[in-house]
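Participant: structural data only, the sequence is not supplied:
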Ligand SMILES: NC(=O)c1ccc[n+]([C@@H]2O[C@H](COP(=O)([O-])OP(=O)(O)OC[C@H]3O[C@@H](n4cnc5c(N)ncnc54)[C@H](OP(=O)(O)O)[C@@H]3O)[C@@H](O)[C@H]2O)c1
Ligand SMILES: NC(=O)c1ccc[n+]([C@@H]2O[C@H](COP(=O)([O-])OP(=O)(O)OC[C@H]3O[C@@H](n4cnc5c(N)ncnc54)[C@H](OP(=O)(O)O)[C@@H]3O)[C@@H](O)[C@H]2O)c1
């Protein structure tokens, strides 16, 4: 039997994504020891699920001796977690994360990164609207993209190790700049979530009677939106607070396009509507063809 | 064996919904003869699928002798179809439809409705983003709502027959006023589709390189939107043209709510974001509880 890829992996924040990673590490035998660091009753729950070898709310202890540390908490928790673990990170340790936003997370980590610790930021583009270690599963990552955004001076060996971990978990790896990641994800993930939250909020704001009927007759479109808008409030608050510019920029374009459609409806311009609706069908086909549907 | 509910049912427009109804009628033995009326090569395709007994592009012939006629084409086709069939509708015939908009459809039909023909408008709130007879299936209706919007002077017997048909197809029946239907559906179905079309359109308008990456990294949110925005362009053009007021009204509220969120992001108001995101989670739970998820 070959040696596992890592000796000791500490996952700090063992929720949906962290616990799915723990399960994949175990399944593929990628770590000799898996440690969960979290808070409240989460460490005990993770232990009870049998997905980690150790679990603690002492983050400093969790990372001690780890050759890979993965931040798995909402991105807003990054400064607090870094403060707790920085003194315990040994030179040569690889520090990674799974945050949905990359630039700001790197800006939070870099100034407090101890000498010799290697930062390889990552974003497994796979998720559900659920949270917590109970809802994770190793197959979550299967066939999905994992985007890594290391700085230019990061040694390739460390990037390759993190890439190999995600590849063994079933992901396809792409390396790009953090800024670019944040702009792409603002469109494919952050704006759709913002819109879904808004529309479900609009429905919640209707008169009680109407609101009840909207739930009752929840049709295909709205149903999908409520699922998206059932996503974790803290995680998403942190995403919007930390990818502000890219989200506001794409939101501006969206609003302009929506205004144009609104005008077409108001003036009964059927051809404009039909032309747009036909164009979007082609995009759907492209997404299906890219096997991301 | 008991007599079927109807002698001869003519379905005019045998696409996704019409063909699903044909399949359900057949499965439940609700019609002695099922006739499809459509255009182009669709009648031949419906016959080849074996889901109807007869099929023709002569709509007048299709409805001759029918005791139930169901309009299954996009709502914008209603005037043309009524012109073709009105002279052939016998007194006592029940005329129904499956249109996603109710008030305007009734306004189009009522003035040209022959003496003695009974209008029982309906909307099976069930669908997919696909179209055409090949994509229909009888189980589409299972557990979903069917909303009927007959005028106050319509005899109960006719309403009951149409209700019974959809009930046997697996649907739960609700009767309400057409106006009210249109306002509820504007929120639960029409606005979500409009938004999905817009956001996918916004992505299509990006620079080519960015647009390609959006398709490539299509994450959970965007993927759902592309599916919705892959819906039939003609059907949806007709929905927006014929439910204009209700759609513009809810769109106005949505835009205001979105502007408020935009401001919260710009000013970094995390609490506002988290509060809304928490509220929408409760709506998701209510939809799940209502078994419409
Ligand atoms: N969900 C997705 O679809 C998805 C997809 C890709 C990437 N991501 C990213 O993955 C990360 C985690 O998301 P998730 O969905 O896995 O969230 P989650 O299920 O809510 O898990 C987060 C975990 O981190 C813990 N935590 C929060 N603050 C902490 C702190 N200061 N110290 C220690 N532990 C702390 C949470 O504990 P409590 O329960 O006590 O708060 C929870 O156990 C986020 O950065 C997110 O952007 C999410
Ligand atoms: N799809 C949904 O999710 C859904 C759900 C509930 C209700 N509805 C309603 O159901 C109706 C049909 O929708 P669908 O999805 O079943 O559409 P579809 O699959 O596109 O089927 C519509 C059929 O009607 C035919 N048609 C169009 N104009 C016609 C005309 N003037 N004369 C004869 N046939 C004509 C079409 O032929 P061509 O192919 O030649 O155009 C097509 O075969 C619409 O009113 C829609 O609002 C749809």
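Facilitator: Everything's here; your move. Treat the numbers as computed from the prediction; the structure is a model and nothing was measured. Ligands and ions are numbered 1, 2, ... in the order given.
Participant: hey, what's the closest residue to residue A:124 other than its chain neighbours bridged with?
Facilitator: Distances taken as C-beta to C-beta, 6 or more residues apart in numbering or on different chains put residue A:146 closest to residue A:124, at 4.7 Å, once the chain neighbours are dropped. From N, CA and C alone the C-beta is placed, and that goes for glycine too. Per DSSP bridges, the residues bridged to residue A:146 are residue A:124, residue A:173.
Participant: can I assume residue A:146 is in contact with residue A:122?
Facilitator: Yes - the pair residue A:146 / residue A:122 is scored as a contact, 6.0 Å apart, by C-beta atoms under 8 Å.
Participant: who touches both of the two?
Facilitator: Shared contacts of residue A:146 and residue A:122 (C-beta atoms under 8 Å, 6 or more residues apart in numbering or on different chains): residue A:166.
Participant: and for the residue of chain A at minimum distance from ligand 2, the neighbour number?
Facilitator: Nearest residue of chain A to ligand 2 (C-beta to the nearest ligand atom) works out as residue A:220 at 6.4 Å. When counting by other C-beta atoms under 10 Å in any protein chain shown, one arrives at 21 neighbours for residue A:220.
Participant: find me the pLDDT at it, would you?
Facilitator: Looking at residue A:220, its pLDDT stands at 74.
Participant: so the closest residue to it other than its chain neighbours, which state does it fall into?
Facilitator: Nearest non-adjacent residue to residue A:220, counting by C-beta to C-beta, 6+ apart: residue B:127, 5.8 Å away. Three-state assignment for residue B:127 (DSSP: H, G, I helix; E, B strand; the rest coil): coil.
Participant: same thing with residue A:152?
Facilitator: Here residue A:152 is coil, with the state taken from three-state DSSP.
Participant: show me the contacts for the closest residue to ligand 1 within the stretch 51-200 of chain A.
Facilitator: For the stretch 51-200 of chain A and ligand 1, the shortest gap (C-beta to the nearest ligand atom) falls at residue A:127, measuring 1.8 Å. Counting by C-beta under 8 Å, 6+ apart, residue A:127 makes contact with A:16-17, A:140, B:219-220.
Participant: could you identify the most distant pair in those?
Facilitator: A:16 and B:219 (14.5 Å; C-beta to C-beta).
Participant: quick check, pLDDT for the closest residue to chain B within the stretch 1-150 of chain A.
Facilitator: Of all residues in the stretch 1-150 of chain A, residue A:125 sits closest to chain B, at 5.2 Å by C-beta to the nearest C-beta. What the model reports as pLDDT for residue A:125 is 96.
Participant: can you map out the helices along the stretch 51-200 of chain A?
Facilitator: Assigned by DSSP state H, counting those that start in this stretch, the helices in the stretch 51-200 of chain A fall at A:59-63, A:78-85, A:103-109, A:156-168, A:178-185, A:191-204.
Participant: residue ranges with poor pLDDT in chain A?
Facilitator: For chain A, the stretches flagged by pLDDT under 70 are A:1, A:292-293.
Participant: rerun at 50
Facilitator: Applying pLDDT under 50 to chain A flags no residue at all.
Participant: name all residues that make contact with the residue nearest to the spatial centre of it.
Facilitator: Nearest residue to the geometric centre of chain A (C-alpha atoms, centre = their mean): residue A:100, 3.7 Å. Applying C-beta under 8 Å, 6+ apart, we find residue A:100 in contact with A:75, A:123, A:185, A:189-190, A:235, A:239, A:243.
Participant: and those residues as JSON lines, adding distance to residue A:227 and neighbour count?
Facilitator: Output for the contacts of residue A:100, formatted as JSON lines (distance: C-beta to C-beta, whole Å; neighbours: other C-beta atoms under 10 Å in any protein chain shown):
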{"residue": "A:75", "distance to residue A:227": "22", "neighbour count": "24"}
{"residue": "A:123", "distance to residue A:227": "21", "neighbour count": "26"}
{"residue": "A:185", "distance to residue A:227": "19", "neighbour count": "27"}
{"residue": "A:189", "distance to residue A:227": "14", "neighbour count": "24"}
{"residue": "A:190", "distance to residue A:227": "16", "neighbour count": "26"}
{"residue": "A:235", "distance to residue A:227": "15", "neighbour count": "22"}
{"residue": "A:239", "distance to residue A:227": "17", "neighbour count": "28"}
{"residue": "A:243", "distance to residue A:227": "22", "neighbour count": "26"}
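Participant: near chain B too, which of these?
Facilitator: A:185, A:189-190 (C-beta under 8 Å from any C-beta of the partner chain).
Participant: after whichever helix in chain A runs longest, which helix or strand is next?
Facilitator: The longest helix of chain A (DSSP state H) is helix A:244-266. Later in the chain than helix A:244-266, the nearest helix or strand by DSSP states H and E is helix A:270-289.
Participant: and that following helix, how far out from the chain's middle?
Facilitator: Put simply, helix A:270-289 sits 28 Å off its chain's centre (C-alpha atoms, centre = their mean, to the nearest Å).
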